[in-house]
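*Asks:* What follows is a predicted structure for the sequence shown.
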Amino acid sequence: MSTGTDLPADTLGSPWLLRSLQLLACFAVISYTLQVARHTTPPTLQLGTMLFGASDHAPGNPVDVNDISAVLAPGLDLAEVIVQRNDTLDHIFRRLQLSLSDLADVRALSGVQTMLDRLSPGEHLKFLHRDAALIGLERHLSLTEKLEVRRTDAGFRATVVPKAIQIDDSVAHGEINSSLFESANAAGLSDLSVLKLAKIFASDIDFVIGLREGDRFVVSYERILQNDHYVKDGDILAARFINQGRVYEAVRYVGPDGAARYYSPDGHSTEKAFLRAPLEFKRISSGFSLARMHPILNLIRAHKGIDYAAPIGTPVYAAGSGHIKFRGDLGGYGNVIQIEHGNGIVTVYGHMSRFAGARAGAHVERGETIGYVGMTGLATGPHLHFEFRVNGQYVDPQKIKLPDAKPIDPDLYDDFKQKSAPLLAALNP
């Protein structure tokens, strides 16, 4: 017998009842979720906590960003951006369709604007967002620091997080077979370390035309690691270069002023008071000559300097410390700078596209950028015309014996010998 509330036996299989049970189950899940939400950090903030550190709600464990895709909550996305040339955060936010008001709030944080305004092409940025709302942002400021921005209940918060690095000392040996770069790379040195090595010995060795097959080198240098992975080469600690049978050695020493310089084992500077070539050039397009056929005037005319061919815009450095005697246009020289160094020495830099920094009368230091390669005046192609005058006489910059820079201060000599001894010992097998 059945009552008015009993269901026929076949009702359990009807589509109407199944649909009703499904709806009741959904209501139950929604109700439970709303109750839990009152006591739980929203998914957006939970994920922000896992990626960027502890939040105001509850402590969280940082998660490796490479694994973040495994924990992304529904509606929360991670955008990884490689910065392009001329990119700004405004451009990137628009490209990702992120809130520009969020960008304004982030830039308004104390000290953050200067950390975000200048982006470098090729660097890697990370944006955690939910639709158009920014939840977190990450930028590597340097090898040892990272900026993390995250959204909290009180607004955005920025933190500069230290990144641990390890520094290992290593030694590279090599022999010149074709080029310095090829041999040094084969020995394990990066291109940057090769340039550093060439700069250390640039006053004694002509790396453009002076290398010979069979020349040898040994370099003690730092390798920088992060999470046990190689990142880049660090400083060169000591080096020995045997060029055409002559042995040159240099060791790094940091003085009380915090400046690192290189010296020979007896304390003499490996630098000269002047750069022999005040730029990074591709080739010498015209050497010093007292009887050269001028390429434009078609006349036999003395060429009282060296022409260094280089692309337009290549930085030109002051060959030595001194005062700018003249800066301006000077006929066939085009845009030219003359620097007076004392002791009757004047250097001249011609055909520049434009000037940089100090004006006439200002003091400049050796290696300071004073202008950029061009082809102003009488020039058939981009190059720097460089002259070296001593007491009014023109001399060949490639042949003159350049004076040394200052040696180790006598008061620092004992400290120098003590600190340099183990560095030089690393060069020996």
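*Replies:* Perfect, I can see it now.

*Asks:* going forward, measure contacts and count neighbours with C-alpha atoms only.
*Replies:* Fine.

*Asks:* ok, and what's touching stretch 205-224?
*Replies:* 165-178, 198, 230-245, 423, 426-427 (Cα atoms under 8 Å, 6 or more residues apart in numbering).

*Asks:* can you do 6 Å?
*Replies:* The contact list for stretch 205-224 (Cα atoms under 6 Å, 6 or more residues apart in numbering) reads 166-177, 231-243.

*Asks:* go on, stretch 144-161?
*Replies:* 135-140, 162-163.

*Asks:* Could you work out the most separated pair of those residues?
*Replies:* Using Cα to Cα, the contacts of stretch 144-161 reach their maximum pairwise distance at 135 and 163, which is 21.9 Å.

*Asks:* any idea which helix or strand carries the nearest residue to residue 107 once chain neighbours are set aside?
*Replies:* Nearest residue to residue 107, sequence neighbours excluded (Cα to Cα, 6 or more residues apart in numbering): residue 113, at 4.7 Å. Using DSSP states H and E, the element containing residue 113 is helix 112-116.

*Asks:* got it, and residue 198?
*Replies:* helix 191-200.

*Asks:* C-alpha coordinates for the following helix or strand past that helix, CSV please?
*Replies:* Scanning forward in sequence from helix 191-200 by DSSP H and E, the next helix or strand is strand 216-226. Taking Å, rounded to 0.1, in the frame of the first residue of the first chain, the C-alpha atoms of strand 216-226 are listed here in CSV:
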residue,chain,number,x,y,z
ARG,A,216,100.5,30.9,-24.3
PHE,A,217,98.4,32.1,-21.4
VAL,A,218,97.2,30.9,-18.0
VAL,A,219,94.4,32.7,-16.2
SER,A,220,93.1,32.4,-12.7
TYR,A,221,89.5,33.7,-12.6
GLU,A,222,86.1,33.5,-10.8
ARG,A,223,83.2,31.4,-11.9
ILE,A,224,79.8,32.6,-10.6
LEU,A,225,77.2,30.0,-9.8
GLN,A,226,73.5,30.2,-8.7
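
*Asks:* Give the other helices and strands that whichever helix or strand comes after strand 216-226 contacts.
*Replies:* Next in sequence after strand 216-226, counting helices and strands by DSSP H and E, comes strand 229-243. Applying 3 or more Cα pairs under 6 Å, 6 or more residues apart in numbering; DSSP states H and E, one finds that strand 229-243 makes contact with strand 216-226, strand 246-254.

*Asks:* how close does residue 200 get to residue 237?
*Replies:* Distance, residue 200 to residue 237, by Cα to Cα, to the nearest Å: 11 Å.

*Asks:* Same check on residue 201?
*Replies:* According to Cα to Cα, residue 201 stands 14 Å off from residue 237.

*Asks:* cool, residue 208 as well?
*Replies:* From residue 208 across to residue 237, the span is 24 Å (Cα to Cα).

*Asks:* of these two, who's got more company?
*Replies:* residue 237 (22 against 13; other Cα atoms under 10 Å).

*Asks:* got the contacts of stretch 144-161 as a markdown table, with pLDDT columns?
*Replies:* Formatted as a markdown table, these follow (pLDDT from 0 to 100):
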| residue | pLDDT |
| --- | --- |
| 135 | 93 |
| 136 | 93 |
| 137 | 94 |
| 138 | 94 |
| 139 | 95 |
| 140 | 92 |
| 162 | 93 |
| 163 | 90 |
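
*Asks:* out of those residues, which are inside helices?
*Replies:* Using DSSP state H, no member of the contacts of stretch 144-161 sits in helices.

*Asks:* Could you check the pLDDT of residue 297?
*Replies:* On pLDDT, residue 297 comes in at 48.

*Asks:* and what of residue 17?
*Replies:* In this prediction, residue 17 carries a pLDDT score of 42.

*Asks:* just residue 166 next, same as before
*Replies:* Confidence score, pLDDT, at residue 166: 94.

*Asks:* For it, the count of nearby residues, please.
*Replies:* 14.

*Asks:* how close does the nearest residue to it once chain neighbours are set aside sit to residue 165?
*Replies:* Sequence neighbours aside, residue 225 is the residue nearest to residue 166 in space, at 5.0 Å (criterion: Cα to Cα, 6+ apart). Plainly put, residue 225 is 6 Å away from residue 165 if you go by Cα to Cα.

*Asks:* correct me, but residue 366 touches residue 317?
*Replies:* No. In this structure, residue 366 is not within contact of residue 317 by Cα atoms under 6 Å, at 7.3 Å.

*Asks:* Which one's more surrounded, these two?
*Replies:* Neighbour count, other Cα under 10 Å: between residue 366 and residue 317, residue 317 has more, with 22 against 16.

*Asks:* Identify the residues contacting the more buried one.
*Replies:* 278, 367-370.

*Asks:* One more pass at 10 Å, please.
*Replies:* 275, 277-280, 349, 356, 364-372 (Cα atoms under 10 Å, 6 or more residues apart in numbering).

*Asks:* Quick check: buried residues in stretch 356-369?
*Replies:* 358-359, 364, 366-369 (16 or more other Cα atoms under 10 Å).

*Asks:* Would you indicate which residues of stretch 421-429 are buried?
*Replies:* Buried residues in stretch 421-429, defined by neighbour count with 16+ other Cα under 10 Å: 423-424, 426-427.

*Asks:* could you give the mean pLDDT of that stretch?
*Replies:* Per-residue scores along stretch 421-429 average to 94.

*Asks:* What lies in contact with it?
*Replies:* 169-173, 217-221, 237-240, 249-253, 265.

*Asks:* Equivalent analysis for stretch 322-337, please.
*Replies:* Taking Cα under 10 Å, 6+ apart as the rule, stretch 322-337 contacts 318, 338-342, 345-355, 358-366, 370-379, 384-386.

*Asks:* pLDDT weak spots in the stretch 201-350 of the chain?
*Replies:* 288-301 (pLDDT under 70).

*Asks:* what's the average pLDDT for stretch 76-86?
*Replies:* Mean predicted confidence for stretch 76-86 is 91.

*Asks:* All further residue positions should be reported with the first residue as 43.
*Replies:* With 43 as the first residue, the last one maps to stretch 118-128.

*Asks:* roughly how far out does that stretch sit from the chain middle?
*Replies:* Computed by Cα atoms, centre = their mean, to the nearest Å, the chain-centroid distance of stretch 118-128 equals 20 Å.

*Asks:* Can you get me the centre-to-centre distance for stretch 207-224 and its chain?
*Replies:* 20 Å.

*Asks:* Phi and psi next, for residue 230.
*Replies:* Reported as degrees, to the nearest 10, the phi and psi values for residue 230 are phi 110, psi 0.

*Asks:* picking that back up, show me which of the contacts of stretch 247-266 are buried.
*Replies:* For those, a burial check counting by 16+ other Cα under 10 Å picks out 212-218, 275-276, 278-285.

*Asks:* Great, nothing more from me.
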